[in-house]
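Asks: I'll drop the sequence and a predicted model, then ask my questions.
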Amino acid sequence: MLNSIDARGLSCPQPVLLTKKAIDQQLTDLTILVDNETAKGNVLRFLQNAGYTVDIDMSEDTYQLQAKKS
Amino acid sequence: MDSKKGMLAAGGVVGLLSVLLVVFGNPANMGYCIACFIRDIAGGVGMHRADVVQYARPEVMGLVIGAFVMAKSRGEFASKGGSAPFIRFFLGALMMISALVFLGCPLRMVLRLAGGDLNALPATGGFVVGIAIGIFFLNRGYNLKRNYTLAKSEGYAFPLVNVLLLMVLIAFPGVLFFSESGPGSMRAPLFIALASGLIVGALAQRTRLCTMGGIRDIILFRDNHLFLGFAGIFVVALVGNLVTGNFNVGFAGQPVAHTETLWNFLGMLGVGFSAVLLGGCPLRQLILAAEGNTDSAITVMGLLVGAAFAHNMSLASSPAGATPNGKLVLIIGLAIMAGIAYLNSDLAVSTAKGGVNVE
């Protein structure tokens, strides 16, 4: 299943909360968009603690975190 | 990256500098206190006339400039804003009034604990309860909506104001107010205070140190990352106070503190609650403002104005205890926080009646 979260412009902990919601629904394939370093770091740490592998792309002001869990 | 060790170390440095600033002349258990320092600045520029708490504390300008330089050098400076600015201003003012009922921000609460001031224990309990109440609303969709990218100049304004205030303090101190007695008269030498501010500002920007966030993330995500900073501050300040002879266990006669348990508890409950609603403690708001976040700059202005009101209208406590006005406004403030939390959560949309809980 694929799911996408646009957390740009949201300040912490909102991006992590939205990510947590998706994880709680057992989603294994997630895309999360954030627009600041802090949110990127927090979402990344949360995903890794939850056992996801994460790829990060950066374009202009947006970080795209691609998270997968096998 | 910002590892757990880095977080612990950053907290340790803040704890150490806090102890040293007291040795160099700051009031006891007040090496750092963002609420107290912003209150002192409000007095220093004449926004209130409580003559014992007037001094344009260079620690604050140092924090902002240090965080600004760090954010710039790491490409993290960005002009952002537009997420409920006036609500944030208002919450900032309420956060300050709550802090001044206890007599300290969360940072000073930790430092007071590390100095043996047991009045900080009920305050810590209140802080945790306030954060838990905030989390109740976070879990029900509370947020103040998105911010937006703004013109570059917008984000530079706040750091610039701090540079200007520092220049006035150094070059034209005659236009400012300086306490001749009381906590405002107790100050570490200007350049030591400034340097320690620069260091802590840079570290806090790099690590995202936040006292509220430490407890919030444990409750919300079982994540102790930010809490390690909190722990680092406490442990190093405790050891430092023991070494320098500034550790005195007890409730009575503690420096710049009162012994009214209920009001220490409720004051910090208000700080914890409002800090969750604002997304950061007073320290974190300063750092975010330095990174170009004008919502946080507005929050800091709320803190400043709240401090002026607190002293002009006898809301701030003194070592004698909380004031009748302070108690009343704190209770009203808690009700307003609950109202703001409710109205900006899913509860306001999904339930028909608009009840407001007072904690």
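Replies: Sure thing, it's come through.

Asks: Can you tell me the closest non-neighbouring residue to A:L30?
Replies: Sequence neighbours aside, A:A67 is the residue nearest to A:L30 in space, at 4.3 Å (criterion: Cβ to Cβ, 6 or more residues apart in numbering or on different chains). Glycine gets a C-beta too; all of them are placed from N, C-alpha and C.

Asks: any idea whether the residue of chain A found nearest chain B is helix, strand or coil?
Replies: Residue of chain A nearest chain B, by Cβ to the nearest Cβ: A:G9 (3.1 Å). Put simply, A:G9 is coil when judged by DSSP: H, G, I helix; E, B strand; the rest coil.

Asks: Tell me the pLDDT of it.
Replies: pLDDT recorded at A:G9 is 93.

Asks: thought it was touching B:N143?
Replies: No - if you go by Cβ atoms under 8 Å, A:G9 and B:N143 don't touch, sitting 10.5 Å apart.

Asks: my guess is B:L166 contacts B:M61, does it?
Replies: Yes - look at B:L166 against B:M61 with Cβ under 8 Å: they come within range, at 4.3 Å.

Asks: Quickly list what's touching both of those two.
Replies: Listed as contacting both B:L166 and B:M61 by Cβ atoms under 8 Å, 6 or more residues apart in numbering or on different chains are B:L194.

Asks: who's more crowded, these two?
Replies: Each of B:L166 and B:M61 has its neighbours counted (other Cβ atoms under 10 Å in any protein chain shown); B:M61 has more, 27 against 20.

Asks: Tell me the buried residues in the helix or strand hosting the more buried one?
Replies: Per DSSP states H and E: B:M61 is located in helix B:58-73. Residues B:58-72 are the ones in helix B:58-73 that count as buried (16 or more other Cβ atoms under 10 Å in any protein chain shown).

Asks: can you tell me if it touches chain A.
Replies: No - against chain A, helix B:58-73 shows no contacts by Cβ under 8 Å from any Cβ of the partner chain, the least distance being 8.9 Å.

Asks: distance between that helix and the chain's centre?
Replies: 16 Å (Cα atoms, centre = their mean, to the nearest Å).

Asks: ok, now which ones touch B:L21?
Replies: Here B:L21 is in contact with B:31-32, B:59, B:188, B:192-193, B:196 (Cβ under 8 Å, 6+ apart).

Asks: Pull out the CA atoms of the longest helix seen in chain A and give them to me as CSV.
Replies: Counting residues, the longest helix found in chain A (DSSP state H) is helix A:37-49. Taking C-alpha atoms only, helix A:37-49 is exported to CSV below (Å, rounded to 0.1, in the frame of the first residue of the first chain):
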residue,chain,number,x,y,z
GLU,A,37,15.7,20.4,8.8
THR,A,38,14.1,19.8,12.2
ALA,A,39,11.1,18.1,10.8
LYS,A,40,13.3,16.0,8.5
GLY,A,41,15.4,14.9,11.4
ASN,A,42,12.5,14.1,13.7
VAL,A,43,10.5,12.1,11.1
LEU,A,44,13.6,10.3,10.1
ARG,A,45,14.5,9.3,13.6
PHE,A,46,10.9,8.2,14.3
LEU,A,47,10.7,6.1,11.1
GLN,A,48,14.1,4.4,11.8
ASN,A,49,13.0,3.7,15.4
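
Asks: Whichever strand or helix holds B:A35 - what's its average pLDDT?
Replies: Assigned by DSSP H and E, B:A35 belongs to helix B:34-44. What helix B:34-44 shows for mean pLDDT is 98.

Asks: And it, what does it pack against?
Replies: Using 3 or more Cβ pairs under 8 Å, 6 or more residues apart in numbering or on different chains; DSSP states H and E, the elements in contact with helix B:34-44 are helix B:58-73, helix B:85-102, helix B:106-114, helix B:282-290, helix B:294-312.
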